[in-house]
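Colleague: got a sequence here, can you build the structure:
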Amino acid sequence: MLLCLSVLFSGCDEKTQKSDSAIAEAKLSEREKELLRTVTDQYFVCDYKVDPSYKTVTVWVEKYQSGKKVGEKLAHMTAEVKESGTLTYATSKTTEDQDTAFITGIDGNSSASSVVEHRLERSASILGSNPEPLHPSNGELILASLSYGIDGSELRSLSTDFYRNSEINIDELQNYDTVYLFKSKFTQ
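Modeller: Residues are numbered from 1 along each chain as shown. As a prediction, this is how the structure comes out:
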(Lines give C-alpha, C1' and ligand atoms only; values in the text may rest on other atoms or scores of the structure.)
Protein backbone atom coordinates (compact mmCIF):
# COMPACT_ATOMS: atom_id res chain seq x y z
CA MET A 1 0.00 0.00 0.00
CA LEU A 2 2.82 2.41 0.85
CA LEU A 3 4.44 1.69 -2.50
CA CYS A 4 1.14 2.51 -4.23
CA LEU A 5 0.97 5.90 -2.49
CA SER A 6 4.58 6.69 -3.36
CA VAL A 7 4.16 5.77 -7.05
CA LEU A 8 0.78 7.49 -7.30
CA PHE A 9 2.14 10.84 -6.17
CA SER A 10 5.60 10.75 -7.70
CA GLY A 11 4.29 12.96 -10.51
CA CYS A 12 2.19 15.31 -8.39
CA ASP A 13 4.92 17.73 -7.38
CA GLU A 14 4.40 19.98 -10.42
CA LYS A 15 0.79 20.74 -9.49
CA THR A 16 1.52 23.60 -7.11
CA GLN A 17 0.48 26.72 -9.00
CA LYS A 18 2.09 29.38 -6.80
CA SER A 19 5.33 30.99 -8.00
CA ASP A 20 6.40 31.68 -4.39
CA SER A 21 6.85 29.20 -1.56
CA ALA A 22 3.48 27.69 -0.67
CA ILE A 23 1.80 24.60 0.72
CA ALA A 24 -1.76 23.88 -0.46
CA GLU A 25 -4.20 21.02 -0.86
CA ALA A 26 -3.40 19.08 -4.05
CA LYS A 27 -5.79 19.16 -6.98
CA LEU A 28 -6.14 15.43 -7.59
CA SER A 29 -7.46 13.87 -10.77
CA GLU A 30 -10.43 11.52 -10.56
CA ARG A 31 -8.06 8.64 -11.27
CA GLU A 32 -5.77 9.62 -8.35
CA LYS A 33 -8.79 9.94 -6.04
CA GLU A 34 -10.08 6.52 -7.08
CA LEU A 35 -6.68 4.91 -6.51
CA LEU A 36 -6.49 6.47 -3.04
CA ARG A 37 -10.01 5.31 -2.17
CA THR A 38 -8.95 1.79 -3.15
CA VAL A 39 -6.02 1.61 -0.71
CA THR A 40 -7.01 4.00 2.13
CA ASP A 41 -10.01 4.87 4.27
CA GLN A 42 -9.30 8.60 4.64
CA TYR A 43 -6.63 10.67 2.91
CA PHE A 44 -5.29 14.19 2.54
CA VAL A 45 -2.68 15.21 -0.02
CA CYS A 46 -0.98 18.58 -0.36
CA ASP A 47 1.63 19.96 -2.71
CA TYR A 48 4.46 22.16 -1.61
CA LYS A 49 6.81 24.51 -3.37
CA VAL A 50 9.65 26.02 -1.34
CA ASP A 51 12.76 28.02 -2.07
CA PRO A 52 16.10 26.15 -2.07
CA SER A 53 16.96 27.34 1.45
CA TYR A 54 14.56 24.71 2.90
CA LYS A 55 16.37 21.44 3.50
CA THR A 56 13.96 19.18 5.42
CA VAL A 57 10.30 18.71 6.17
CA THR A 58 8.85 16.96 9.21
CA VAL A 59 5.32 15.51 9.22
CA TRP A 60 3.32 14.01 12.06
CA VAL A 61 -0.13 13.47 13.55
CA GLU A 62 -1.25 14.80 16.95
CA LYS A 63 -4.15 13.33 18.89
CA TYR A 64 -6.58 15.37 21.01
CA GLN A 65 -9.38 13.94 23.16
CA SER A 66 -12.08 16.30 24.43
CA GLY A 67 -9.79 19.22 23.59
CA LYS A 68 -6.69 17.92 25.40
CA LYS A 69 -3.52 16.72 23.64
CA VAL A 70 -2.75 13.09 24.50
CA GLY A 71 0.27 10.94 23.81
CA GLU A 72 3.27 11.44 21.59
CA LYS A 73 3.37 12.41 17.94
CA LEU A 74 2.04 9.64 15.70
CA ALA A 75 3.62 8.68 12.36
CA HIS A 76 6.41 11.22 12.94
CA MET A 77 9.06 11.45 10.22
CA THR A 78 11.56 13.85 8.66
CA ALA A 79 12.99 13.80 5.14
CA GLU A 80 15.06 15.97 2.84
CA VAL A 81 13.09 18.03 0.33
CA LYS A 82 13.71 19.58 -3.03
CA GLU A 83 11.92 22.68 -4.26
CA SER A 84 8.56 20.97 -4.87
CA GLY A 85 6.87 17.80 -3.77
CA THR A 86 3.88 16.19 -2.09
CA LEU A 87 2.89 15.43 1.52
CA THR A 88 0.42 12.60 2.08
CA TYR A 89 -1.57 11.66 5.18
CA ALA A 90 -3.82 8.61 5.11
CA THR A 91 -5.54 6.07 7.32
CA SER A 92 -6.23 2.45 6.57
CA LYS A 93 -7.93 -0.22 8.67
CA THR A 94 -5.87 -3.27 9.47
CA THR A 95 -7.34 -6.75 9.49
CA GLU A 96 -6.53 -7.46 13.12
CA ASP A 97 -8.61 -5.92 15.91
CA GLN A 98 -9.93 -3.19 13.62
CA ASP A 99 -6.86 -1.05 14.37
CA THR A 100 -6.08 1.79 12.01
CA ALA A 101 -2.73 2.52 10.42
CA PHE A 102 -1.69 6.16 10.08
CA ILE A 103 0.42 6.68 7.00
CA THR A 104 2.50 9.80 6.36
CA GLY A 105 4.46 10.26 3.18
CA ILE A 106 6.92 12.80 1.84
CA ASP A 107 7.67 12.85 -1.86
CA GLY A 108 10.25 15.35 -3.01
CA ASN A 109 13.98 14.78 -3.03
CA SER A 110 13.27 11.52 -1.23
CA SER A 111 10.26 9.35 -0.52
CA ALA A 112 9.58 8.03 2.94
CA SER A 113 6.66 6.54 4.80
CA SER A 114 5.86 5.76 8.40
CA VAL A 115 3.09 3.60 9.80
CA VAL A 116 1.84 3.75 13.37
CA GLU A 117 -1.09 1.63 14.42
CA HIS A 118 -3.57 3.14 16.81
CA ARG A 119 -7.11 2.10 17.68
CA LEU A 120 -9.62 4.64 16.35
CA GLU A 121 -13.09 5.16 17.65
CA ARG A 122 -15.84 3.91 15.35
CA SER A 123 -18.16 6.92 15.63
CA ALA A 124 -18.88 9.27 12.72
CA SER A 125 -15.86 11.15 11.41
CA ILE A 126 -15.10 14.06 9.11
CA LEU A 127 -11.89 14.97 7.31
CA GLY A 128 -11.23 18.69 7.05
CA SER A 129 -8.38 20.71 5.59
CA ASN A 130 -6.91 24.15 5.92
CA PRO A 131 -8.72 26.18 3.24
CA GLU A 132 -5.92 28.67 2.70
CA PRO A 133 -2.48 28.27 1.10
CA LEU A 134 0.24 28.25 3.72
CA HIS A 135 3.84 29.46 3.74
CA PRO A 136 6.68 27.29 5.11
CA SER A 137 8.11 30.23 7.08
CA ASN A 138 5.04 30.09 9.37
CA GLY A 139 6.68 27.24 11.31
CA GLU A 140 4.46 24.42 12.56
CA LEU A 141 1.49 24.13 10.19
CA ILE A 142 -1.86 22.36 10.59
CA LEU A 143 -2.67 21.02 7.14
CA ALA A 144 -5.74 18.91 7.88
CA SER A 145 -7.76 17.21 10.59
CA LEU A 146 -9.69 14.01 11.16
CA SER A 147 -12.43 14.60 13.73
CA TYR A 148 -14.65 12.08 15.52
CA GLY A 149 -17.94 13.31 16.92
CA ILE A 150 -19.46 12.99 20.34
CA ASP A 151 -22.42 10.60 20.18
CA GLY A 152 -25.59 12.40 19.13
CA SER A 153 -23.89 15.65 18.19
CA GLU A 154 -23.77 17.30 14.78
CA LEU A 155 -20.39 16.82 13.11
CA ARG A 156 -18.71 19.72 11.29
CA SER A 157 -15.17 20.38 10.09
CA LEU A 158 -12.92 22.57 12.19
CA SER A 159 -13.41 26.26 11.41
CA THR A 160 -11.18 28.40 9.22
CA ASP A 161 -10.43 30.44 12.37
CA PHE A 162 -9.05 27.29 14.02
CA TYR A 163 -6.62 26.72 11.15
CA ARG A 164 -5.59 30.41 11.13
CA ASN A 165 -4.80 30.48 14.86
CA SER A 166 -5.16 27.17 16.65
CA GLU A 167 -3.66 28.48 19.90
CA ILE A 168 -6.46 31.03 20.36
CA ASN A 169 -9.16 28.65 19.08
CA ILE A 170 -7.97 25.44 20.78
CA ASP A 171 -11.25 25.25 22.75
CA GLU A 172 -12.98 24.33 19.49
CA LEU A 173 -11.53 20.82 19.89
CA GLN A 174 -13.75 20.29 22.95
CA ASN A 175 -16.70 19.91 20.54
CA TYR A 176 -15.30 16.55 19.41
CA ASP A 177 -14.57 13.25 21.09
CA THR A 178 -11.25 12.83 19.27
CA VAL A 179 -9.36 14.96 16.76
CA TYR A 180 -6.22 14.03 14.84
CA LEU A 181 -4.30 17.03 13.47
CA PHE A 182 -2.06 16.44 10.44
CA LYS A 183 0.93 18.76 10.83
CA SER A 184 4.16 19.72 9.09
CA LYS A 185 7.19 21.92 9.58
CA PHE A 186 9.76 22.95 6.98
CA THR A 187 13.30 23.70 8.18
CA GLN A 188 16.09 25.65 6.55
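
Colleague: need the nearest residue in space to residue 149, chain neighbours excluded.
Modeller: Ranked by CB to CB, 6 or more residues apart in numbering and with sequence neighbours excluded, the top spatial neighbour of residue 149 is residue 155, at 4.0 Å. Every C-beta, even on glycine, is put in place using the N, C-alpha and C of the backbone.

Colleague: brain fart, residue 51
Modeller: In space, residue 51 is closest to residue 21, 5.4 Å off (CB to CB, 6+ apart).

Colleague: would it be right to say that the residue nearest to residue 149 lies in a helix?
Modeller: No: according to DSSP: H, G, I helix; E, B strand; the rest coil, residue 155 belongs to no helix; its state is coil.

Colleague: and it, how far is that from residue 130?
Modeller: From residue 155 across to residue 130, the span is 18 Å (CB to CB, to the nearest Å).

Colleague: quick one: the helices in the chain?
Modeller: Along the chain, the segments classed as helices by DSSP state H run 2-8, 30-39, 160-164.

Colleague: give me the number of residues near residue 68?
Modeller: If you count neighbours by other CB atoms under 10 Å, residue 68 ends up with 10.

Colleague: pLDDT below threshold where in this structure?
Modeller: Scanning the chain for pLDDT under 70 picks out the ranges 1-19, 94-99, 108-123, 151-153.

Colleague: specify the strand with the largest residue count in it.
Modeller: Using DSSP state E, we find that the single longest strand of the chain is strand 68-80.

Colleague: buried residues in that strand?
Modeller: Buried residues in strand 68-80, counted by 16 or more other CB atoms under 10 Å: 74-77, 79.
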